[in-house]
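Visitor: need coordinates for the following:
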Amino acid sequence: MDFYVFKKDWARAKSLLEKDVTMTDDHSGQHWEFTKDGIPFEMHYHTAMFASGSRQRYWDELIDSYFDEILDHVEIDGVGVPTLPPTLNAIYLFVHIYHHFLKEGIALRQFIDWMMFFEVKHKEIVVSELTAKLERLGLFRSFKAFGAVLTEVLGMETKFFPYSLTDNDKRYVNKILAIVLRYGNFGKYGRKERQGGWKHSIETGMRSVRHVFQFFCFSPSENLLWMPKLIMHSLIKNTSRK
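Guide: Residues are numbered from 1 along each chain as shown. This is a model prediction of the structure:
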């Protein structure tokens, strides 16, 4: 079970939880883990990780800026659940797909979630704001390329997507789909090393490097910065296990 805590409440939330559970840092720079009543939890202090420090600060500030504002809501079993405003949520859902795609693997289910979001919320998305934020994050080109999967593979009507897609946007659809089908969610399939450990981490790292290079043109400056971060994360993760 994943949940996010706003920066202003992080220290207090962590302090309260540590009175009842043992929390561990997963060394991803994104969350702490604990188990409560047999259920594993991840308490996130970043909703998404960026390689660029300036983009990370920009994204975190975007998320925290909605703390005192009215969020969008969806109703689940009669309970109103706060969610991000549609324009920002369109980016958040994409960032989750894109980052998992580059680092491990992602399934079609996440693309379907994104597609259903557009079908329901497309009229509420402010395209000028969406474009400005995507360009600031260096993700405008990748957003459209992955959006082409929704229209060309999953059959979403083009009127639901915020942008008109060109042949250039669609040229990577088959390459994206091939990786999605080969590796599955979180890179579960297509592995030589099934069990966790340093060999498993190295295999994941090599896969990430291949994807970053293969799709370098989608987000050049961000992808370039991912290299040292991926290597450092792998080293820290495996050192912590010894």
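
Visitor: nearest to the middle of the protein, which residue? Look it up for me.
Guide: residue 96 (1.7 Å; CA atoms, centre = their mean).

Visitor: A helix includes it, no?
Guide: Yes: assigned with DSSP: H, G, I helix; E, B strand; the rest coil, residue 96 falls within a helix.

Visitor: contacts only, for it.
Guide: 48, 110 (CB atoms under 8 Å, 6 or more residues apart in numbering). Glycine gets a C-beta too; all of them are placed from N, C-alpha and C.

Visitor: what's the answer for residue 88, then?
Guide: Per CB under 8 Å, 6+ apart, neighbours of residue 88: 62, 63, 66, 133.

Visitor: and for residue 157?
Guide: Per CB under 8 Å, 6+ apart, neighbours of residue 157: residue 151.

Visitor: for it, grab phi and psi.
Guide: Note on residue 157: its backbone torsions stand at phi -60, psi 140 [degrees, to the nearest 10].

Visitor: give me the distance between the residue nearest to the centre of the chain and residue 113.
Guide: 9 Å (CB to CB, to the nearest Å).

Visitor: equivalent analysis for residue 217, please.
Guide: Residue 217 is 26 Å from residue 113, by CB to CB.

Visitor: what about the residue nearest to the centre of the chain, distance to residue 41?
Guide: Counting by CB to CB, the gap from residue 96 to residue 41 is 18 Å.

Visitor: rewinding a little: which pair of the contacts of residue 88 spans the longest distance?
Guide: Distance extremes for the contacts of residue 88: the farthest pair is 66 and 133 at 13.1 Å, using CB to CB.

Visitor: on that earlier part again, least confident of the contacts of residue 88?
Guide: Among the contacts of residue 88, residue 66 carries the lowest pLDDT, at 75.

Visitor: residues near it, how many?
Guide: 16 (other CB atoms under 10 Å).

Visitor: ok, it touching residue 84?
Guide: Yes: using CB atoms under 8 Å, residue 66 is in contact with residue 84, at 6.7 Å.

Visitor: which residue sits closest to residue 22, ignoring its sequence neighbours?
Guide: Spatial nearest neighbour of residue 22, excluding adjacent residues (CB to CB, 6 or more residues apart in numbering): residue 34 at 6.3 Å.

Visitor: for burial, what's the neighbour tally of residue 133?
Guide: Neighbour number of residue 133 under other CB under 10 Å is 20.

Visitor: let me know the secondary structure of it.
Guide: Applying three-state DSSP: residue 133 is helix.

Visitor: check which helix or strand the nearest residue to it once chain neighbours are set aside maps to.
Guide: Excluding the flanking residues, the one nearest residue 133 by CB to CB, 6+ apart is residue 91, at 5.8 Å. Residue 91 belongs to helix 86-103 when assigned by DSSP states H and E.

Visitor: pLDDT below threshold where in the protein?
Guide: 26-29, 67-71, 186-202, 204-205, 227-242 (pLDDT under 70).

Visitor: could you pull out the strands for it?
Guide: Counting by DSSP state E, the chain has strands at residues 2-4, 24-25, 31-36, 39-44, 72-76, 79-83.

Visitor: would you list the contacts of residue 88 in TSV and tack on distance to residue 119?
Guide: Formatted as TSV, the contacts of residue 88 follow (distance: CB to CB, whole Å):
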residue	distance to residue 119
62	24
63	24
66	23
133	21
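
Visitor: alright, calling it a day.
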